[in-house]
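A.B. asks: With the input below, show me the fold.
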Amino acid sequence: MPDRYDFATIEPKWQQTWRERELFRTAEDSDRQKFYYLDMYPYPSGELHMGHVRNYIIGDVVARYMHMRGYNVMHPMGWDAFGLPAENAAIEHQTHPAQWTEDCIGRMKDQFDRLGISYDWSREVNASAPDYYKWTQWLFLQLYHNGLAYRGEAPVNWCPSCQTVLANEELEGDLCERCSAPVERRQVSGQWYFAITKYAQQLLDDIAMLDDWPERVRVMQENWIGRSEGVQFKLPMDGRTDSIEVFTTRIDTIYGITFMALAPEHPLVNELVEGTEYEEPVKAFVREALAEGELARISEEVEKRGIFIGAYCTHPLTGEKVPIWVTNYVLMEYGTGAIMAVPAHDQRDLEFARKYDIPVKVVIQPPGEELDATTMTEAYVEPGVQVNCDQFSGLNSEAAQEAIADYLEEQDIGHREINWRLRDWLLSRQRYWGCPIPIIYCDNCGEVPVPEEDLPVLLPTDAEFKPTGESPLAQADEFVNTTCPQCSGPARRETDTMTTFVDSSWYFLRYTSPDADELPFRREAVDYWLPVDKYVGGIEHAVRHLLYARFITKVLHDLGHIGFSEPFAELFTQGMIYKDGAKMSKSKGNVVTPDEINARYGADTGRLFILFVGPPDQDAEWSDQSVEGAHRFLGRVWRLVSGSMDKFDADWAEHLDAQLNEQQRAARRKVHQTIQAVSGDIEEMALNTTVSALMELVNELLPFAEQISPDDATSCAVLSEAAQNLLLLLSPLAPHIADELWERLDLPTTTYEQAWPVADEQIAAEERITIAVQVNGKLRGTIQVPAGTDMEKVQELALQAESVKRHIQGKQIKRIIPVPNKLINIVVG
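C.D. replies: Below is the predicted model of the structure:
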């Protein structure tokens, strides 16, 4: 009888073996094809749960598989250690963020190791370590010296709970993506930005290079960048010398303007109402509108509201007076924050106009119809014929787009313009736990960048870090007060820190040279390893981290530091793990930890469950029963191999007789079919069906193994081939049990160091195949024939099948349509 599957002893044994042998350590090797596999590095703000580890287990399967296929695989791990997650957790647990982060890293690293993840820990990076953030500051300076980092004032997103500003990409609707608190809009000065909009066109164009990214992510980036082609023009304001500037993509509707709509936060609003009877009601409306949040304001379901501000502007083509309103559905973020309202040809404007009794003017009629401006309930937005448009009447609207744009440019009224939804990247944070911004302010010299030789600007360890709404570093006198590098006079340091998205925008480069101290990375190492071959993480990063990393990569490429312009050749986004109907989360109390699974079932069981639970790119529900099922499967693997030790023949290839019986041929066929299936499934990331294929193989081999005698050399050779290949196929998925059984078979080294098995197509081919027989497209029977049978012979056999004869008897066969090796369709009439 085989001994018991003792995972509690086996798994620590092999983890220690792999660690002592540094089995997963990787170096550049120009003679081998590289494969850079990268998991998005985690925030070390707590412990891992089984929802977290899904992408890491997926990644480990692929990394191990590619190594066994002969690739030089780099599979590193590090820590996105700065930022709000770690700082908020430290405040909650009343400890210093540095200590909390260090403790969490140690704990999570142990959890990774106990799962058997094949990380090369010699390449570990920590974004909060001075030897890392020195180079994040260096990166800031590269952008600063090249006009891509600047300090400005703009309306920003303010989280009153986290007490800091947030970039647009850090919002979930109108909520902070970290704490889910409603976000406010505030006008804040002295904020640092990266000029990502200078790369908007390149970021958009190069999406076409991302063939191996999910289409959903590509579309999300396209929409976030948001390129719009249109015309920008000015409307002079009555009684003033200035104008309202407007951007529109529908210049063909300019003659239909009946009112102007300003965003509540438009700077002209306060100017125009100040000291007038409209001041108090308009300001009250503005406060109400801003409290709604941007997502609600642009929702189709939300009521369109506004207020007249007592001012007018002049239509640039007709000279008509146009009333100015402030509305809740116009955003400052898009265009100029002012829109020309054309109710007849924009549904939002039409709903607003009907509510406030504003005139509607039709300027495009549909072909063959005539719209009634007084009764229409739906705006007409399709192409048509221009009417009420002076010299442009009678043109089709597409031609009018160009003609009116040309006229506005000729008359110096407006110009063609490209507008972007993308805004410059706001990176300032009024929090402690982040990378200090390397800027000094001097009364004599102004804004002065810290010289590179003075990096890193160290984050002080003794600052009060609880959030107050202003940067905690402002209260750290020893940090703030410094000497100007230009004039040596007294100066002050910048006290905001950078968002952690700056840290993660380049970490994949640092993995190539984690010990480099004179440069952020060695060029030869980056040239060898990059771009990343496969990058795995959550889709929630589609318009945050992934966009920022693409931008920074392009900047470094243009500055000559790297030789590629896109960082990630292939992207895979894994689904979430749900439990009790909700995403697994500590806050929801539905967490299952790897420690629980390891203690009760072993790490290999947890790995197999995560892989088997469903397609890895889709969400999946946790199931205790399925965990137990995965454990039972490993028990069957153990029983199969451990129970066949007396039948194992290491020289099985020499004892495989060409004249195998049908049972032996069937066993070999299943083994080689499984090699084909598992190899293809891992390549396609169909890891759930990988597990299914191995389960089918074990189920077929168990009765075969039990029936054969140790004296039957040929059957033992078949079983030995099967056992050896089973362990190799299982190795990326459940490496501990695979290596233990490999050793017990007295095979050399570990499964990780073996070549991936290659299927013999002839052995894998079915000896007999099933052909479906249809009559007029309906299935009427099946026949079995030897593989490779000529289709004419198949037709003869199909016509002789009793189940088919009764459906064609007495009818004329008009034609027979064969689909080789699959079906025959007999058409009768």
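
A.B. asks: Which residue ranges of the stretch 701-829 of the chain form helices?
C.D. replies: Counting by DSSP state H, counting those that start in this stretch, the stretch 701-829 of the chain has these helices, from start to end: 713-730, 735-744, 761-764, 791-800, 802-808.

A.B. asks: Was I right to think G116 contacts D604?
C.D. replies: Yes - with contact taken as Cβ atoms under 8 Å, G116 and D604 are classed as touching, separated by 7.4 Å. C-beta here means a position set from N, CA and C on the backbone, and glycine is covered the same way.

A.B. asks: Look at these two and report which has more neighbours.
C.D. replies: Set side by side, G116 and D604 show unequal neighbour counts under other Cβ atoms under 10 Å, the larger going to D604 at 29 against 23.

A.B. asks: Report the contact partners of the spatially closest residue to that one that is not a sequence neighbour.
C.D. replies: In this structure, D604 finds its nearest non-sequential neighbour in A734, 3.7 Å apart by Cβ to Cβ, 6 or more residues apart in numbering. Counting by Cβ atoms under 8 Å, 6 or more residues apart in numbering, A734 touches 604, 607-608, 634, 637.

A.B. asks: And E570, by the same measure?
C.D. replies: Residues near E570 by Cβ under 8 Å, 6+ apart: 212-213, 533-535.

A.B. asks: how about the helices in the stretch 201-350 of the chain?
C.D. replies: If DSSP H, counting those that start in this stretch is used as the criterion, the helices of the stretch 201-350 of the chain fall at 215-225, 267-273, 279-292, 294-298, 347-356.

A.B. asks: From E20, how far off is the residue nearest to D604?
C.D. replies: When Cβ to Cβ, to the nearest Å is the yardstick, A734 and E20 sit 21 Å from each other.

A.B. asks: Check Y578 too.
C.D. replies: The spacing between Y578 and E20, counted by Cβ to Cβ, is 38 Å.

A.B. asks: of the contacts of E570, closest to N661?
C.D. replies: Proximity of these to N661 was ranked by Cβ to Cβ; the top entry is K534 with 43.4 Å.

A.B. asks: Next, that closest one: phi, psi?
C.D. replies: Summarising the backbone geometry of K534 under the convention degrees, to the nearest 10, its torsions are phi -140, psi 130.

A.B. asks: Is it in contact with A569, as I believe?
C.D. replies: Yes - judged on Cβ under 8 Å, K534 makes contact with A569 at a distance of 7.4 Å.

A.B. asks: Give me the buried positions along stretch 380-388.
C.D. replies: Residues of stretch 380-388 classed as buried under the neighbour-count rule (16 or more other Cβ atoms under 10 Å) are 380, 384-388.

A.B. asks: hang on, the earlier thing: closest to A525 out of the helices of the stretch 201-350 of the chain?
C.D. replies: Shortest distance between A525 and those, using Cβ to Cβ, is found for helix 215-225: 27.7 Å.

A.B. asks: And the closest one, how far out from the chain middle?
C.D. replies: Between the mean C-alpha location of helix 215-225 and the chain-wide mean there is a distance of 11 Å, by Cα atoms, centre = their mean, to the nearest Å.

A.B. asks: again, but for stretch 327-346
C.D. replies: Relative to its parent chain, stretch 327-346 has a centroid offset of 31 Å by Cα atoms, centre = their mean.

A.B. asks: Endpoints of it, how far apart?
C.D. replies: Its first and final residues considered, stretch 327-346 spans 15 Å by Cα to Cα, to the nearest Å.

A.B. asks: Adjust the sequence numbering to begin at 2 for everything that follows.
C.D. replies: With the count now opening at 2, the last piece we talked about shows up as stretch 328-347.

A.B. asks: Now do it, average pLDDT.
C.D. replies: The average of the pLDDT scores along stretch 328-347 is 91.

A.B. asks: do the same with stretch 724-733
C.D. replies: The average pLDDT for stretch 724-733 rounds to 98.

A.B. asks: what's in contact with stretch 200-218?
C.D. replies: When contacts are defined by Cβ under 8 Å, 6+ apart, stretch 200-218 is touched by residues 197, 219, 222-223, 226, 228, 419, 421, 423, 540, 543, 547-548, 551-552, 555-556, 566-567, 569-574, 618.

A.B. asks: Report the buried residues of it.
C.D. replies: Within stretch 200-218, the residues that qualify as buried by neighbour count (16+ other Cβ under 10 Å) are 200-201, 204-205, 207-208, 211, 214-215, 218.

A.B. asks: Point out where the stretch 152-301 of the chain drops to low pLDDT.
C.D. replies: Across the stretch 152-301 of the chain, the ranges flagged by pLDDT under 70 are 168-171, 174-175, 179, 294-297, 299.

A.B. asks: try it again with 90
C.D. replies: 154-190, 240, 266, 288-301 (pLDDT under 90).

A.B. asks: Could you pull out the strands in it for me?
C.D. replies: 165-167, 172-173, 176-177, 185-195, 228-237, 244-249, 260-263 (DSSP state E, counting those that start in this stretch).

A.B. asks: would you list these in CSV and tack on mean neighbour count?
C.D. replies: As requested, those are arranged in CSV below (neighbours: other Cβ atoms under 10 Å):
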stretch, mean neighbour count
strand 165-167, 23
strand 172-173, 15
strand 176-177, 18
strand 185-195, 17
strand 228-237, 18
strand 244-249, 21
strand 260-263, 24
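
A.B. asks: Make TSV out of these and add distance to S716.
C.D. replies: Conversion of the strands of the stretch 152-301 of the chain to TSV gives the following (distance: least, Cβ to Cβ, whole Å):
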stretch	distance to S716
strand 165-167	67
strand 172-173	61
strand 176-177	65
strand 185-195	68
strand 228-237	67
strand 244-249	79
strand 260-263	83
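
A.B. asks: Among these, which comes closest to R494?
C.D. replies: R494 lies closest, by Cβ to Cβ, to one member of those: strand 185-195, at 13.1 Å.

A.B. asks: how far away is the spatially most central residue of the chain from E685?
C.D. replies: With the centre of the chain defined as its mean C-alpha position, the nearest residue by Cα atoms, centre = their mean is I540, 3.3 Å away. Note on I540: its distance to E685, by Cβ to Cβ, is 19 Å.

A.B. asks: Need the phi and psi values for D478.
C.D. replies: The main-chain torsion angles of D478 are listed as degrees, to the nearest 10 and equal phi -60, psi -40.

A.B. asks: and which of the buried residues of stretch 200-218 is nearest I598?
C.D. replies: The closest of the buried residues of stretch 200-218, once distances to I598 are taken by Cβ to Cβ, is P215, at 28.9 Å.

A.B. asks: Wait, a strand at L641?
C.D. replies: No - assigned with DSSP: H, G, I helix; E, B strand; the rest coil, L641 falls outside any strand and is helix.
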